[in-house]
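Q: Using only what follows, build the 3D model:
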Amino acid sequence: MAGPGSLVALPDGSTSTLDGLTASAGEQLVGSAGIAAVGLRFPLLAKLIDSSEWLSLQVHPDDALARRLMGERALGKDEVWVVLEVDATTRLVTGPARHLDAGDVAAAVAAGTMDLDACDLRRPTPGDTLNIRAGTIHAIGPGAFVYELEQPSDLTFRISDWGRPATPGRHLHLDEARQAIVPAQHAELVGEAWALDGGALNQPHFRLELVVSGSGSDRTPNGRSPEIVTAVGGTVILRGSGWSERLAALETAVVPAAVPRYTIATAAGAIGVVGSLPL
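A: Just a heads-up that it's a prediction; the model follows:
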């Protein structure tokens, strides 16, 4: 994971969180776009999610609802998934079942009766990219291995945990979920076969790019945005003026915004995912 609370290794052998580094390095790390977006906080969150069972059915609030419910510093959560691996039975929930209207969805949420029959299920393929806007009901099913890029927020409202017992740290949020859900909204397929529609996904809160097998990419953060680079298969090599970093599969590097220019090279069979702030 690469995000506000992630521990990162520093050249002197010490460690710090990305939020801690942002507090000291400021614009040098997060860039002018990061400061404008969230101030002295690290502005992105990237995860690798490996699910052996159904993860909870959930929804995230948008910024306005997050602030109304949780205070003025709260952030909502838009996110995007890149599907890395699946098995033959893997399914993703990408919204409510399409035959349900807004009243049906609201009633099922309020009653705590949302189940898979009330959900729109997608059979994913590696290389699929799905945009999950705030307000979209979603869940990741067993057998899925997914890269996720999102706003730096932990606000998740659980609609169902598929009958698992509630615990103090894991319970349902039915009233909050009812307020957050946009009933007609579904995940949007924005890329297939490791290619993004239009070459990149440029959303209000993040930008996602893929660097595919055997290709390279010239990058120019140049003070605007940090870049989170993750090798999601094979080896990815980053090279800048006087430095280089070799990422094995599933390793991540954060390139500070102050880096004027660097390159990403992918070995044959490798894929790199780059998360940054939108242009």
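
Q: packing partners for the longest helix seen in the chain?
A: For the chain, the helix with the greatest residue count under DSSP state H is helix 27-38. Packed against helix 27-38 by the contact rule (3 or more CB pairs under 8 Å, 6 or more residues apart in numbering; DSSP states H and E) you find helix 18-25. (Each C-beta comes from the backbone N, C-alpha and C, glycine too.)

Q: So what's the gap between the helix it packs on and the chain middle?
A: Relative to the centre of its chain, helix 18-25 is centred 21 Å away, using CA atoms, centre = their mean, to the nearest Å.

Q: now swap in stretch 210-219 and tell me
A: Stretch 210-219 sits 20 Å away from the centroid of its parent chain (CA atoms, centre = their mean).

Q: Buried residues in the longest helix of the chain, which are they?
A: Across helix 27-38, burial judged by 16 or more other CB atoms under 10 Å covers Glu27, Leu29, Val30, Gly31, Ala33, Gly34, Ile35, Ala37, Val38.

Q: next one: stretch 194-206
A: The neighbour-count check on stretch 194-206 (16+ other CB under 10 Å) flags Trp194, Leu196, Ala200, Leu201, Gln203, His205, Phe206 as buried.

Q: What score does the fifth one have for pLDDT?
A: Looking at Gln203, its pLDDT stands at 97.

Q: Can you tell me the closest non-neighbouring residue to Ile237?
A: Nearest non-adjacent residue to Ile237, counting by CB to CB, 6 or more residues apart in numbering: Ala265, 4.7 Å away.

Q: Over to Ile181?
A: What sits nearest to Ile181 in space, not counting adjacent residues and going by CB to CB, 6+ apart, is Val59, at 5.2 Å.

Q: Endpoint to endpoint, stretch 186-205 covers what distance?
A: Stretch 186-205 stretches 18 Å from its first residue to its last (CA to CA, to the nearest Å).

Q: what's it in contact with?
A: 37, 78, 80-82, 92, 94-95, 98, 120, 122, 125-133, 136, 138, 150-151, 207-210, 212, 271, 277-279 (CB atoms under 8 Å, 6 or more residues apart in numbering).

Q: Can you flag the buried ones in those residues?
A: With burial judged by 16+ other CB under 10 Å, the buried subset of these is 37, 78, 80-82, 92, 94-95, 120, 122, 126-133, 136, 138, 150-151, 207-210, 212, 271, 277.

Q: Now go through those and say which are in helices.
A: If you go by DSSP H, these have Ala37 in helices.

Q: related to what we said a few turns ago, report the buried residues of the one helix or strand the residue nearest to Ile237 maps to.
A: Following DSSP states H and E, one finds Ala265 within strand 262-266. Using 16+ other CB under 10 Å as the test for burial, strand 262-266 gives Tyr262, Ile264, Ala265, Thr266.

Q: closest to Ser16 among those residues?
A: Of all these, Tyr262 has the smallest distance to Ser16: 21.5 Å, by CB to CB.

Q: Tell me the helices and strands packed up against the lowest-mean-pLDDT helix or strand in the chain.
A: Counting by mean pLDDT, DSSP states H and E, the weakest-scoring helix or strand in the chain turns out to be strand 7-9, with a mean of 76. Applying 3+ CB pairs under 8 Å, 6+ apart, one finds that strand 7-9 contacts strand 15-17.

Q: Can you give the strand pairings for the strand it packs on, parallel or anti for each?
A: According to DSSP bridges, strand 15-17 forms sheet pairs with strand 7-9 (antiparallel).

Q: what about the residue nearest to Ile237, distance to Val86?
A: Distance of Ala265 to Val86, given as CB to CB, to the nearest Å: 28 Å.
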